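A.B. asks: kindly return the folded structure for what I paste below:
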Amino acid sequence: MNRQTEAAIATVRFGMGARPGEISAAASDPRGWLAEQMINAAPVSSDMASLEPSHQLVSQLQVAIRRDGVPGIITLLRQVYRPQYVREAVVRTGQAITTPSSFHERWVRFWSDHFTVTGKKPVIVGLAGGFEREAIRPNVGGRFVDLLLAVIRHPVMILYLDNSRSFGPNTPAARYRNGGLNENLAREVLELHTLGVDGGYDQADVVSLALMLTGWSLSPADGKGSGGGFHFHATAHEPGERDLMGVRYADEGVGQAEKALRNLAAHPATSRNIARELARQFVSDSPSPEVVASLSRRFTETEGDLTQMALALISMQPAWMPLTKLKTPDELVVSALRGVGADGADRAVLNALVELGQRPWMAPSPKGWPDTAEAWITPDRALRRVDFGAAVAERMDTVWPDPVVGALEMMGELYGPDTMTAISRAESPRQALALALTAPEFQRR
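C.D. replies: This is a model prediction of the structure:
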């Protein structure tokens, strides 16, 4: 495989698609070009940096619940959370379209999906973007254990999986609030975030971790913008020692669950679960056992160093096989707009994502979005992809003066000869661009 082909794969497989000039920029050292993006990621846009902290929005929700009940929550959703959702989604999509570090951006998306919070739960609609910005994005270059702890402590995850309503059965808070144990957060930590569904835990482990996590909740709001962050409420924490996956944990308050989470992050089942997900994202829908085992070993050797995991993927030859993955709608939209050199996103881009079936932060469940081709290709969805490519071409103010050169800027040598012939023979520059965006090769990465 020559460097030009590797450069195209670098921008498409690992990145979010090539902006004009990126394939040429990557060609001298495709792997080094990607590594630099992980080691020295470009800063977020000023628009993203200026978005409102999520704890302030959570605080408004707490006040609405206490003061007005359901009518107040509905008003907050309509007047604050939904507009915030649109702002977050536009800025996030614009960041992906314009960033020179698109491998880092894909890495953020991978971990955001691994630790999904979804607006399918209405109170999360305006909060999911803040969760990604605050818990995921700053921690994807560090150690997995630190990312895990940041996620579980974040107020949006606590709200999403109901841990603010989980009280130790024998605690003052349970008696006062007429509440009980909620297992949602503990179950998803074990099944999705760490060990995996085949990780060897049982229902007793779920209950034990849920009891350890009692008291992990939210700081109260005072109506003046404070509150809404993480707070450990000792009066809600179930006292006593707990057993989890064969390890006994002393009652150390907040430290009990923290120690358990640290051990779960280092568990061999967690390394295998993370390795499977990474291989499916970056290699193929059905990665080989050898690829998964290699990534699992690297996770263990580096103590879950996520930058080192990204570099390990870059070094794996199976990850460089061309066009083995189907683009999700988000990947398709972002790569198309990167390819034409767009300078950001707007509400119309969000409408395209909705039409194609992947509205930001609206995954169907805590499992996140599906990551295999069969989940995304149906006759209807295939037609919508074609319509999207044609619409992008139609709305471009400027188009390629030379269609062949433009296509090579977008996908390099990944377009096959039949596709390049069709592009070169197009009746107009817009038709050439539409053919490039709707070609089978462009649908894959």
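
A.B. asks: looking at this, R248 is in a helix?
C.D. replies: No: assessed with DSSP: H, G, I helix; E, B strand; the rest coil, R248 is strand; it does not lie in a helix.

A.B. asks: quick one: low-confidence parts of the stretch 1-150 of the chain?
C.D. replies: Within the stretch 1-150 of the chain, no stretch has pLDDT under 70.

A.B. asks: ranges for the strands of it?
C.D. replies: For the stretch 1-150 of the chain, applying DSSP state E, counting those that start in this stretch gives no strands.

A.B. asks: starting at the chain centroid, how far to stretch 284-296?
C.D. replies: 21 Å (C-alpha atoms, centre = their mean, to the nearest Å).

A.B. asks: please apply the same query to stretch 82-95.
C.D. replies: Using C-alpha atoms, centre = their mean, the offset of stretch 82-95 from its chain centre is 14 Å.

A.B. asks: in it, which residues are buried?
C.D. replies: Neighbour-count burial for stretch 82-95 flags Q84, Y85, R87, E88, A89, V90, V91, R92, T93, G94, Q95 (criterion: 16 or more other C-beta atoms under 10 Å). No exception for glycine: its C-beta is placed from N, CA and C like everyone else's.

A.B. asks: and D243, what helix or strand is that in?
C.D. replies: strand 242-244 (DSSP states H and E).

A.B. asks: so what strands line up beside that strand?
C.D. replies: Pairing partners of strand 242-244, with direction, according to DSSP bridges: strand 247-249 (antiparallel).

A.B. asks: which parts of the partner strand are buried?
C.D. replies: Y249.

A.B. asks: before we move on, what about stretch 125-142?
C.D. replies: 125-137, 139-141.

A.B. asks: what sits against P239?
C.D. replies: For P239, the contacting residues are G168, N170, T171, D251, by C-beta atoms under 8 Å, 6 or more residues apart in numbering.

A.B. asks: mind running it again at 10 Å?
C.D. replies: Residues near P239 by C-beta atoms under 10 Å, 6 or more residues apart in numbering: G168, N170, T171, L211, T214, D251, G253, Q256.

A.B. asks: hang on, the fifth one packs against R177?
C.D. replies: Read it as T214. No: applying C-beta atoms under 10 Å, one finds T214 not in contact with R177, separated by 11.8 Å.

A.B. asks: now do stretch 429-442: distance to the chain's middle.
C.D. replies: 28 Å.

A.B. asks: again, but for stretch 3-23
C.D. replies: 21 Å.

A.B. asks: hang on, the earlier thing: among the contacts of P239, which are located in helices?
C.D. replies: Judged by DSSP state H, the subset of the contacts of P239 located in helices is L211, Q256.

A.B. asks: for the stretch 201-350 of the chain, which segments count as helices?
C.D. replies: 203-213, 254-265, 268-282, 289-301, 306-315, 329-339, 347-356 (DSSP state H, counting those that start in this stretch).

A.B. asks: any residues touching the last one, and which ones?
C.D. replies: What that stands for is helix 347-356. Contacts for helix 347-356 (C-beta under 10 Å, 6+ apart): 85-86, 89-90, 93-94, 97, 328-330, 332-334, 336-337, 342, 345, 358-360, 362, 376, 381, 384-385, 387-388, 391-392, 395.
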